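[1] Everything below, folded, please.
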Amino acid sequence: MLIKTLIILVTLEHIWFMIFEMFMWKSAYARKAFGMTMEVATSSEKLAKNQGLYNGFLAAGLIWSMLVSNPAQAREIQIFFLACVSVAGAYGAATANVRILFLQAFPALITLALLIF
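    The predicted structure is shown next:
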C-alpha cells in the first residue's frame, strides 16, 4: 500500500510538472519559481512545452503500471518508469538546478528502492 501511494504521489507530481510547463510557463508564478523574466519565459516557452510533454509521458507510464492486472508485469513497468524519472531528475539537477534532485529524483528513488527491496 505504501509503494502504491508513493507511485501515485510521483505520478501526480509529474502531472503537475506537465501542466506547469505546458500551460503556465509564462505565468508570474512560473517566472518567480524559475527566476525568469517575461522575455526569457517567452523565448523558452516551446522548450518548456516539450519538457512538459515528456513529464506527461512519465506520468502516463506510471498510471499504466497501476492499471496492469499482472503484478509481476506491473512491477517491471513501475521499475522502468521510476528509473526513468530518477535519471531525468539526476540529469536535471546536474544540468539545470540542484532542486530538481530533491523534487523529482529523490521521491522516485525512494519509491524505486522500496519497490526493489
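[2] Please identify the helix or strand for the residue nearest the centre of the chain.
    With distances taken as Cα atoms, centre = their mean, residue 14 lies nearest the centre of the chain, 3.7 Å away. Element membership for residue 14, per DSSP states H and E: helix 2-23.
[3] Tell me which helix or strand comes right after that helix.
    Reading on from helix 2-23 to the C-terminus, the next helix or strand found by DSSP H and E is helix 28-34.
[4] tell me which residues in that following helix are buried?
    30, 31 (16 or more other Cβ atoms under 10 Å). In short, each C-beta sits where N, CA and C put it, glycine included.
[5] how about the nearest residue to the residue nearest to the centre of the chain once chain neighbours are set aside, what does it touch?
    Leaving aside its sequence neighbours, residue 14 sits nearest to residue 59 (Cβ to Cβ, 6 or more residues apart in numbering; 3.9 Å). When contacts are counted by Cβ atoms under 8 Å, 6 or more residues apart in numbering, residue 59 touches 11, 12, 14, 15, 18.
[6] mind checking how far the helix holding residue 14 is from the chain centre?
    When distances are taken as Cα atoms, centre = their mean, to the nearest Å, helix 2-23 is centred 6 Å away from the chain's centroid.
[7] Compute the inter-axis angle for the helix or strand hosting the residue nearest to residue 14 and helix 2-23.
    In the assignment (DSSP H and E), residue 59 maps to helix 45-67. Relative orientation of helix 45-67 versus helix 2-23 (axes from the mean of the first three to the mean of the last three Cα atoms, to 10 degrees): 160 degrees.
[8] Give me the buried positions along helix 45-67.
    Within helix 45-67, the residues that count as buried by 16+ other Cβ under 10 Å are 48, 51, 52, 55, 56, 58, 59, 61, 62, 65.
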